[in-house]
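*Asks:* model this:
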Amino acid sequence: MTKNTKVNAAILIIGNEILSGRTQDTNTSTLATWLNSIGVKVGEVRVIPDVEKTIIDVLNLLRSEYNYVFTTGGIGPTHDDITAQSVSKAFGIKYEIHKEAYKILEAYYKTGEFNEGRQKMVWMPENANLILNPTSGAPGFSVENVFCLPGVPSILKSMLGGLKNEIVGGKPILSLTVSLKTVESEIADSLTKVQNNNQDVEIGSYPFFHAGKLGVSIVIRSEDQSKIDECSSQILKFVNEKNIEVVDR
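*Replies:* Down below sits the predicted model:
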């Protein structure tokens, strides 16, 4: 994969606790921010339950459509942690004890603590590559273009550094935010014209209410700084013509 290729990824959040609202998903934001910084654009995020058939079907669809798929959740020691087994079935490969993972966890736990439940965390697809875990011992794993990470946000975050050399990205995606004291309807037509003139730049508008100020943040995203600058100047031109105040968020 060359550095100039458009590289994309999908994120698959697995867990009934996310769907029930009991646990708030912050992993999407963490993963998407990190992937953007290394030039991988997130094209899709899905949240699905701990149901084997659903995991297999969605995973097989996403891994055929995206360069990379990142799953979070379902690789712990409890009965509903079925991601590793489901990934094995999706790829049609054996589900077995990973010898290296076994050694890591055997060394991590005190004598007698590496019980049957914890041993469940070393069952993985055959020949899976380990993603080392500097926080709590239990590694994640990858098979081909699928990377399986834990659902606990702090642990997931700590494991991303070890993945840097595994992911080949394109150019990092740059962004610029222009915040305005206005409402979306006041700038919609002008913003559409700027977007139409700059098809290869992504422009988004996001209303905000901050410190008593109602406004709109315009976010310009591209791999090319000069294109961001050009868009920004076109936006500021109509902003000045309409006497709209630029605010500091």
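*Asks:* Run through the protein and note the low-pLDDT ranges.
*Replies:* 1-5, 249 (pLDDT under 70).
*Asks:* contacting residues around stretch 76-94?
*Replies:* 14, 16, 50, 52, 55-56, 59-60, 63, 71, 73-75, 95, 117-118, 120-121, 123-127, 138, 141, 143-144, 146, 148, 150-151 (CB atoms under 8 Å, 6 or more residues apart in numbering). In short, each C-beta sits where N, CA and C put it, glycine included.
*Asks:* hmm, which of those are the buried ones?
*Replies:* For those, a neighbour count by 16 or more other CB atoms under 10 Å gives the buried set as 14, 50, 55-56, 59-60, 63, 71, 73-75, 118, 120-121, 123-125, 138, 141, 143, 146, 148, 150-151.
*Asks:* Give the helix, strand or coil label for the closest residue to Ser37 other than its chain neighbours.
*Replies:* Using CB to CB, 6 or more residues apart in numbering and skipping residues adjacent in sequence, the residue nearest Ser37 is Pro172, 5.9 Å away. Under DSSP: H, G, I helix; E, B strand; the rest coil, Pro172 falls in the coil class.
*Asks:* for Ile203, same thing?
*Replies:* On the basis of three-state DSSP, Ile203 is classed as strand.
*Asks:* That one against Ser232, yeah?
*Replies:* No - using CB atoms under 8 Å, Ile203 is not in contact with Ser232; the gap is 10.1 Å.
*Asks:* re earlier: which ones among the buried ones among the contacts of stretch 76-94 map onto helices?
*Replies:* Under the assignment DSSP state H, the buried ones among the contacts of stretch 76-94 contribute 55-56, 59-60, 63, 118 to helices.
*Asks:* Check these and tell me the two furthest apart.
*Replies:* Asn60 and Arg118 (29.4 Å; CB to CB).
*Asks:* Could you list the buried residues of the biggest helix by length in the chain?
*Replies:* Across the chain, the helix with the greatest residue count (assigned by DSSP H) is helix 225-241. In terms of neighbour count (16+ other CB under 10 Å), helix 225-241 has its buried residues at 227-228, 230-232, 234-235, 239.
*Asks:* So Gly43 sits against Ala10, correct?
*Replies:* Yes - between Gly43 and Ala10 there is a contact under CB under 8 Å: 6.2 Å.
*Asks:* shared neighbours of these two, anything?
*Replies:* Joint contacts of Gly43 and Ala10 (CB under 8 Å, 6+ apart) are Tyr66.
*Asks:* quick one: which of the two has more around it?
*Replies:* Neighbour totals were compared for Gly43 and Ala10, and Ala10 leads with 22 against 14 (other CB atoms under 10 Å).
*Asks:* For Leu35, see how far away the more buried one is.
*Replies:* Distance of Ala10 to Leu35, given as CB to CB, to the nearest Å: 10 Å.
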